[in-house]
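>>> this is a predicted model, with the sequence first.
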Amino acid sequence: MKDVKKAIIPVAGLGTRFLPATKSMPKEMLTIVDRPVVQYAVDEAFEAGIEHIVFVTGRNKATIEDYFDIQPELVSTLSQSGKMEQLASLQRLLPRAGSMSFTRQQSPLGLGHAVWCARDIIGDDPFALLLPDMVTFGKRGCMAGMVELYERTGGNLIAVEQCDPSDTNKYGIVAKGRDIGKGFEITGMVEKPAPAVAPSTYYINGRYILQPEVFDILEKQERGAGNEIQLTDAMLHLSNAQDFFAYPFEGRTFDCGSKEGFIEANVAFALARADIRDRVFEPLRDIILSHEPTTEAA
Ligand code: G1P
C-alpha cells in the first residue's frame, strides 16, 4: 500500500458569499486571527506527513502563490529593524522549496472538476484532499488522524461530523455501515439531500483520502447536483469497486465559506492562542453579554 504524500487544495472558488471583500482578494486569503484561511489547511496537511501540495487555482488567485514564496524586501526590513521573532515565525511558515505546485481550473465546473484538474501532478498515487473553507479545529489535526486510520484500512477515507438534521441540504451526507474501530464503513453517499431523504446526519467535512482511480471517473465529466461535476457522485461510483470508510472527526469544523462560520472560527482560534486569549476573552464576553437582552427580545 502506498503512503499518502500528496494533497490537493482547491482554491478556485469565487467567494461570492464574502462580497465585497472578495472583489479584489481571494476568499482563501481572508484572515483567521493573523493567518490566511488557506494557511490552516496547509499546516494540517504538513502535520499529517504530506510532502507536496497541489493548489487548483483560478484567475485572480495569484496572491496565494505569492503568499507561499519568500518576500525578500520584508525579510531585509524585518532583519534590519531587529524584528527577529517575526522573521523567525515567517520563516517557520515558509514551505520547502519545490513542495507546492499550482495548476488552474479554467472554468468553475464544480469540485469534481477542480480535483480532476490536478490529475497529472498527482499521477498514480493516493492523495489527500482538503477544502480550505472548512477549517478544522481540534487537539489533533483531522488529516493526521485520517492518515493513521488509512494506514490500517487502505481504500478511501472521508472525514465526517454530525450536523443538525435540518442542515443536510448544505453538505455531502454518507450512509453508515458497520463500525471498524475508529471509523465505519460507508454504504452510500448523496450530495446535499433534503432532510427527509438524507441517509444520516453524518456530513462530509471537507477532508478526504482518495485513490487515483477517482480521476478515471471524473474524466467522464458527468454533471450532477447544481449542474456541476460533483466529487460525491464520482466517489459513489468508485465505491462499487473500492472500499470507502468514514473517519468521525472528534474536533469541530468551521465553515469559513459562510460569514457565521468565519466569525466563530476567529473567536475560537483567538481563544485557543496563548498569546491572545487573555487580551480578548473579557472584551468578547462583555460584547456578547451586553447583547443578550436584544437576543431574548427577538
Ligand atoms: C463540497 C462537497 C460536499 C461537502 C462540502 C464541505 O460542497 O461537495 O460534499 O460536504 O464541500 O464543505 P460545497 O461546499 O463545495 O458546495
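Received the coordinates, thanks.

>>> show me where this protein dips below the pLDDT cut-off.
Applying pLDDT under 70 to the chain flags the ranges 292-298.

>>> for the ligand, what's its nearest residue on it.
Nearest residue of the chain to the ligand, counting by C-beta to the nearest ligand atom: Gly172, 2.3 Å away. In short, each C-beta sits where N, CA and C put it, glycine included.

>>> how deep is that residue tucked in, by neighbour count?
26 (other C-beta atoms under 10 Å).

>>> and for the one 3 residues further on?
Neighbourhood size, Ala175 [other C-beta under 10 Å]: 16.

>>> now do the contacts for it.
Ile186, Thr187, Gly188, Met189, Pro199, Ser200 (C-beta atoms under 8 Å, 6 or more residues apart in numbering).

>>> ok but the second one is inside a strand, no?
Meaning Thr187. Yes. Under DSSP: H, G, I helix; E, B strand; the rest coil, Thr187 sits within a strand.

>>> near the ligand, which residues of the chain show up?
Leu111, Leu131, Met134, Tyr171, Gly172, Glu191, Tyr203, Ile204, Gly206, Leu231, Thr232 (C-beta under 6 Å from any ligand atom).

>>> just checking, what packs against the longest helix seen in the chain?
Using DSSP state H, we find that the single longest helix of the chain is helix 277-297. Here helix 277-297 touches helix 259-272, going by 3 or more C-beta pairs under 8 Å, 6 or more residues apart in numbering; DSSP states H and E.

>>> which strands or helices does the helix it packs on pack on?
Against helix 259-272 (3+ C-beta pairs under 8 Å, 6+ apart) you get strand 31-32, strand 134-137, strand 252-255, helix 277-297.

>>> one more pass at 6 Å, please.
If contacts are counted by 3 or more C-beta pairs under 6 Å, 6 or more residues apart in numbering; DSSP states H and E, helix 259-272 sits against strand 31-32, strand 252-255.

>>> JSON lines for those strands, including mean neighbour count?
Formatted as JSON lines, the helices and strands packed on helix 259-272 follow (neighbours: other C-beta atoms under 10 Å):
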{"stretch": "strand 31-32", "mean neighbour count": "16"}
{"stretch": "strand 252-255", "mean neighbour count": "21"}
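
>>> just to revisit the earlier point, quick one: the longest helix of the chain to helix 259-272, angle?
Counting by axes from the mean of the first three to the mean of the last three C-alpha atoms, to 10 degrees, helix 277-297 lies at 140 degrees to helix 259-272.

>>> need the contact partners of helix 277-297.
For helix 277-297, the external contacting residues (C-beta atoms under 6 Å, 6 or more residues apart in numbering) are Ala270, Leu271.

>>> pull the distance from it to the chain's centre.
Its chain's average C-alpha position is 29 Å from that of helix 277-297, according to C-alpha atoms, centre = their mean, to the nearest Å.

>>> same question for stretch 85-105.
On C-alpha atoms, centre = their mean, the centre of stretch 85-105 falls 18 Å from that of its chain.

>>> going forward can the numbers begin at 29, since that is how I track them
Renumbered: residue one is now 29, and that last one reads stretch 113-133.
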